[in-house]
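**Student:** any chance you could fold what I've pasted below:
(chains A and B)
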Amino acid sequence: MSGLLILIPLALGLGLLGLATFFWAMRSGQMEDLDGAAQRILIDDEDTGEQ
Amino acid sequence: MNEAINLEGPGTSGHVDSRFTVPGIRCAGCIAKIERELAKEAGVEAARVNFSAKRVAVRHRTSVSDDAIIDMLARLGFDAQLSAENPMAQDDKDTKRLQRALAVAGFGMMNVMLLSVSVWSGAAGATRELFHWLSAMIAVPVIAYAGQPFFASAWMALKYRRTNMDVPISIGVLLATGLSLYETVMGGEHAYFDSAVMLLFFLLAGRTLDAAMRTRTRAEIGALLSCRGSNARIIGPDGSARSIAADALEPGMVMLVAAGDALAADGVIEQGEGMINNAMLTGESAPESVPLGGTVHAGALALSGPIQVRVTAAADNTLIAEIARLMDEAGQSRSRYVRIADRASRLYAPLVHSLALATFIGWMIAGAGVHQSLVFAIAVLIITCPCAMGLAVPAAQVVASGALLKRGLLIKDGSALERLAEVDLALFDKTGTLTIGKPHADIAMLDDDARKVALALAQSSHHPLSQGLADSLREAGVTPAHVEELEEQTGRGVFAKWRGVPVSLARSEPEADNSQHTHLRIADRTYPLEYVDALREDAGTVIAMLRDNRVESRIVSGDRSAAVGDIARSLGIQAHAGATPQDKLTMLESLREQGAHPLMVGDGINDGPALAAAHASIAPANASDISQQAADAVFTGPGLMPVVYAVKISRSCMHIVRQNFVFAVLYNVCAVPLAIAGLVTPLIAAIAMSLSSIIVVGNSLRLSRAGR
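**Tutor:** The predicted model follows:
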């Protein structure tokens, strides 16, 4: 029973953390361009100085 | 690389944000090119591409004008247009609200389920009570938040004395929650919080899919729309030209129209030669020669130029606006269409509610007491709550629209898919729909050298005929010759020197028939060139395939010329030539009265009312804005094949939807007797609900292979 006192708040806390992260992601525009994110992985990294 | 540049915030120290629609963004390379190269330009601070919406957001100094940025993008090889503030704002907001509700419901479902599993596996006494209380504390706020889309819609329906799918859903969820709260307070054995939250989660998943489908295709269509002439160049009294928005035009202004531009308002020609193409407006494919002082209408394409047009009517008073009014009236009949989910719920809701009532009365008569009878009645409501039904339609439609998107057809919403599945007659416009709508040159008579010279000359001009010739030559794999002293004389042609001899590509005198001519001259040899608006390559196949699918085709064209009859004969179908927008509308109405479900495929402004009045409608991507907005779907690419896919895939989609309904009903036939008998526990409800949802979604996924 005493385990529940830790585990239930822990489970709820983790769930709330996930929910808060999702809301943050939506607010900061991460969901704006889902196809773009898939394409961007193909872009080479910036040239480092010399051309 | 993935950091989001915050472009929403207020502009700092003389910087502003502008958004541009760039339909040409097709790959990762385009993103990299635009973002890197644009940021190197002076005055541009940052550029961020939104690939899904085909938009570029640019943060730049106020000293750099929007036109300058469009020029920069043009140098990078992208056509760009300043995009309106945020045309999809409303849709976006709805989708986001649904996504948030879905996330909350998902959170609630997982945590309540965690507690419920413990109760099911035998927690008793104080532990069970604690878990019920915890579940209640999670479920009540979650239902209050995530249930809003359903409660609001159900309330609206009830206010107007109608029912929709949301009424039984709302009643089911609210009663389940109420009963569970009562059980929790009384220390009862069963609480149905998990069922209520899970129901909301599955239904929200369906709604979110539906909304995502709409926003995805609307963003693509929006990108197509805003890339066309909503601007006009006007000449001030001092002779200087400037660009203004089309709806800011006023009668009396003088527009400067270059060859290849569409007119933004009605007017009379004040200066210059007036060869115009009215195909968008009337369906007539032959170019028309308008004399000085002659009237031209908004939407017409200038073939020669530049011409100066004095505006006589702008914005709401143009011929286009007249057609738009016709369209508004024509669209009324379509708004009366009732979607399949609502038709199902009209049968379903009364049935379920009377079943629940009968259960209550039955158990009361059997002497089970008010409380026990109420529990059983609510169990019936929970188990019949149309969870699988709520998913049956959107799951199938979202998969179908994805399959169609891959084949080049952007469908606007689920209702369009349902109507497309019912069509039994296809009406095609000719110019720009059955044909490509661009002049295509016949180059068979040119030898190799002549082809090279022709390409060198043609590619230097923006005249539609030159571009048509250049396209034909490039398709044939011709490389341009090296020419010198290249000069374009407006209204006459292109002149140059090749290996020391004078060469030219010039217009011939207009002839009486509809074909269009130019001639290529090398030294003293002359090659006549004829341009025809070629039939789309797969037009014949498409007509045949539609016939295989029991859809007869006809041509309805505004064109009066013999070309309509020729095409109809070669395709073996009926044709009506010389139809005005009003004629097309009347024809569709009489067809509908005869019980047919006509599909209209057209591109011109003159097809707008017909597109709005038809049972379903499709427009090509090169269609006028008005037509694309009126049509249910827009297809891209050179072929007509997407029309066949639209019919085939929408039909298999409806087939799957009906199968899904059968599954949902079968499940109810099995589960309802258990509920009426009072044998449904929360565990059985949860298993039944998720099982039926998984079956429905799995069945819908089969559609992704449809149309192969």
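**Student:** which stretches of the stretch 301-450 of chain B have low pLDDT?
**Tutor:** Residue ranges of the stretch 301-450 of chain B with pLDDT under 70: B:305, B:314-318, B:320-321, B:330-336, B:386-387.
**Student:** pick out the residue of it closest to chain A.
**Tutor:** B:Leu405 (11.4 Å; CB to the nearest CB). The C-beta positions use only the backbone N, C-alpha and C, and glycine is treated the same way.
**Student:** now do the SS call for that residue.
**Tutor:** helix (DSSP: H, G, I helix; E, B strand; the rest coil).
**Student:** quick check: what element follows the helix or strand of chain B with the lowest mean pLDDT along the chain?
**Tutor:** One helix or strand of chain B scores below all others by mean pLDDT, DSSP states H and E: helix B:319-335, with a mean of 69. Beyond helix B:319-335 on the C-terminal side, the first helix or strand identified by DSSP states H and E is helix B:340-365.
**Student:** helix or strand right after that next one?
**Tutor:** helix B:370-384.
**Student:** what packs against that following helix?
**Tutor:** With contacts taken as 3 or more CB pairs under 8 Å, 6 or more residues apart in numbering or on different chains; DSSP states H and E, helix B:370-384 sits against helix B:166-186, helix B:193-225, helix B:340-365, helix B:641-676, helix B:682-701.
**Student:** packing partners for the shortest one?
**Tutor:** In other words, helix B:682-701. helix B:89-120, helix B:193-225, helix B:370-384, helix B:387-406, helix B:641-676.
**Student:** make JSON lines out of the ones you listed and add mean neighbour count and distance to B:Ala241.
**Tutor:** Listed next are the helices and strands packed on helix B:682-701 as JSON lines, based on neighbours: other CB atoms under 10 Å in any protein chain shown; distance: least, CB to CB, whole Å:
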{"stretch": "helix B:89-120", "mean neighbour count": "19", "distance to B:Ala241": "33"}
{"stretch": "helix B:193-225", "mean neighbour count": "24", "distance to B:Ala241": "26"}
{"stretch": "helix B:370-384", "mean neighbour count": "22", "distance to B:Ala241": "69"}
{"stretch": "helix B:387-406", "mean neighbour count": "25", "distance to B:Ala241": "41"}
{"stretch": "helix B:641-676", "mean neighbour count": "20", "distance to B:Ala241": "40"}
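**Student:** how about those helices, which one is nearest B:Arg499?
**Tutor:** Evaluated with CB to CB, the helices and strands packed on helix B:682-701 place helix B:193-225 nearest to B:Arg499, the distance being 43.6 Å.
**Student:** any bit of that closest one sitting next to chain A?
**Tutor:** No: Helix B:193-225 lies out of reach of chain A by CB under 8 Å from any CB of the partner chain, never closer than 8.9 Å.
**Student:** quick one, that helix and helix B:166-186 angle?
**Tutor:** Relative orientation of helix B:193-225 versus helix B:166-186 (axes from the mean of the first three to the mean of the last three CA atoms, to 10 degrees): 150 degrees.
**Student:** tilt between helix B:193-225 and helix B:340-365?
**Tutor:** 170 degrees.
**Student:** what's the mean pLDDT across helix B:193-225?
**Tutor:** Here helix B:193-225 scores 80 as its mean pLDDT.
**Student:** what's the first helix or strand after it?
**Tutor:** strand B:231-235.
**Student:** elements contacting that following strand?
**Tutor:** strand B:241-245, strand B:254-257.
**Student:** for the shortest one, name the packing helices and strands.
**Tutor:** It stands for strand B:254-257. Looks like strand B:254-257 contacts strand B:231-235, strand B:307-313 (3+ CB pairs under 8 Å, 6+ apart).
**Student:** any idea how far B:Asn699 is from the residue of the stretch 301-450 of chain B closest to chain A?
**Tutor:** 20 Å (CB to CB, to the nearest Å).
**Student:** how much space separates the residue of the stretch 601-708 of chain B found nearest chain A from B:Gln628?
**Tutor:** Among the residues of the stretch 601-708 of chain B, B:Thr636 lies nearest to chain A; the distance is 16.1 Å by CB to the nearest CB. Between B:Thr636 and B:Gln628 the computed distance is 11 Å (CB to CB).
**Student:** between those two, point out the one with more neighbours.
**Tutor:** Legend: neighbour count by other CB atoms under 10 Å in any protein chain shown for B:Thr636 and B:Gln628, higher for B:Gln628 (24 against 17).
**Student:** helices of chain A, residue ranges please.
**Tutor:** Secondary structure of chain A by DSSP state H: the helices cover A:2-27, A:34-40.
**Student:** select, out of the ones you listed, the one closest to B:His615.
**Tutor:** Of all those, helix A:34-40 comes closest under CB to CB, at 32.3 Å.
**Student:** model confidence over the closest one, on average?
**Tutor:** The model assigns helix A:34-40 a mean pLDDT of 82.
**Student:** elements contacting it?
**Tutor:** Taking 3+ CB pairs under 8 Å, 6+ apart as the contact cut, helix A:34-40 packs with helix B:28-40.
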